[in-house]
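A.B. asks: Provided below are the primary sequence and the corresponding predicted coordinates.
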Amino acid sequence: MNIYRNWFLASRPWSFTMTAISVSVGSALGGIDGGFSWAYYFVALLASILLHAATNLINDYYDVKTGVDTREVATAQYRPHPLVEGKLPGQQVKLAAYILYLLSILIGLYLAATRGWILLWIGLIGTFASLTYTAPPLKYKYSALGEISVFLMWGPLMVSGAYFVQRQAFSLNALWISIPFGALVALVLLANNIRDIHHDRDKGILTLAIILGQQKGLKLYRWLIILAYLAILLMSIFGPLYIWSLIVLLSLPLALRLLRQMLKQVPADADARTAQLDTAFGVLLVLSLVLEGVF
């Protein structure tokens, strides 16, 4: 049973909540604007989670292969990391990632054939961004482009793609609504990189946190959280969100506690704590959209 547990943990299933939220936001907005298909929702969600799992595996594979992730790195101290711990062979992890990519692509082709071929291009962009994140020759995560990619993938691309699956059209409103959550997902990586500034610099990696330095990096972190909540407030009052979406502000105390902790001392699990905020923020956003659709 341990081998199955190791594979399960290597995929980082706790991170799938962010993908589920992005797909749910886009799908719920599509349902508000017209009919909602549970079948297409679950198919889109499955394709997205498979792609996310493939991304996690291939990212860890190259991080370990290039020596970026070791037993000493902070991430390996607070969460299971089967590849770093030597519990899974690297080549098998790489093969598993490619199998997950293939499955995601096959499901994506089905969605493209049934809902519109523009989805093929969205899927190709997402797959390319995933494959080249830490893999050579681009490995753009190490060139301070990781946060921008994460924002685009879990924000505009995934939310707009999920909306298109439901409505077979794009929505400017969905694009605007995707921005606050996409920014918060990007903050998970920024928190990770702020914590790992010294480690990453020693490994010859360039990140946004290294370019900015810890103090300016924390200032950016703080302002993006403030702007995310401000965006929800303004969009709930003036549109395109709804008055129900003010319930997202219930997660504000969690955000304030996180900010106080980050500004006092960046914790070893800074990325995990930021992900918890993303989850609270995102679940409340999805709930508000469901309430709007129902009432």
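C.D. replies: That came in fine, so what should we check first?
A.B. asks: Neighbours of the nearest residue to Ser143 once chain neighbours are set aside, how many?
C.D. replies: Spatial nearest neighbour of Ser143, excluding adjacent residues (CB to CB, 6 or more residues apart in numbering): Leu206 at 5.7 Å. Where you see a C-beta, it was placed from the backbone N, CA and C, and this is true even at glycine. Number of residues near Leu206 (other CB atoms under 10 Å) recorded here: 14.
A.B. asks: All further residue positions should be reported with the first residue as 378.
C.D. replies: Got it, first residue is 378 now, which makes that one Leu583.
A.B. asks: From Leu422, how far off is Leu583?
C.D. replies: 34 Å (CB to CB, to the nearest Å).
A.B. asks: go on, Asn570?
C.D. replies: Asn570 is 28 Å from Leu422, by CB to CB.
A.B. asks: Wait, Gly532 touches Ala551, no?
C.D. replies: No - between Gly532 and Ala551 there is no contact under CB atoms under 8 Å: 10.4 Å.
A.B. asks: the more surrounded of those two?
C.D. replies: A count of neighbours by other CB under 10 Å puts Ala551 above the other of Gly532 and Ala551, at 27 against 23.
A.B. asks: Looking at that one now. What's its pLDDT?
C.D. replies: For Ala551, the pLDDT comes out at 97.
A.B. asks: Wait, it touches Tyr540, no?
C.D. replies: Yes - using CB under 8 Å, Ala551 is in contact with Tyr540, at 4.4 Å.
A.B. asks: Overlap of the contact sets of these two?
C.D. replies: 403, 406-407 (CB atoms under 8 Å, 6 or more residues apart in numbering).
A.B. asks: Would you reformat these as a markdown table and include pLDDT and secondary structure?
C.D. replies: Shown next, in a markdown table, are the shared contacts of Ala551 and Tyr540 (pLDDT from 0 to 100; DSSP: H, G, I helix; E, B strand; the rest coil):
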| residue | pLDDT | secondary structure |
| --- | --- | --- |
| Gly403 | 98 | helix |
| Leu406 | 98 | helix |
| Gly407 | 97 | helix |
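A.B. asks: so where's the stretch 378-527 of the chain uncertain?
C.D. replies: Low-confidence segments of the stretch 378-527 of the chain (pLDDT under 70): 378, 451-455.
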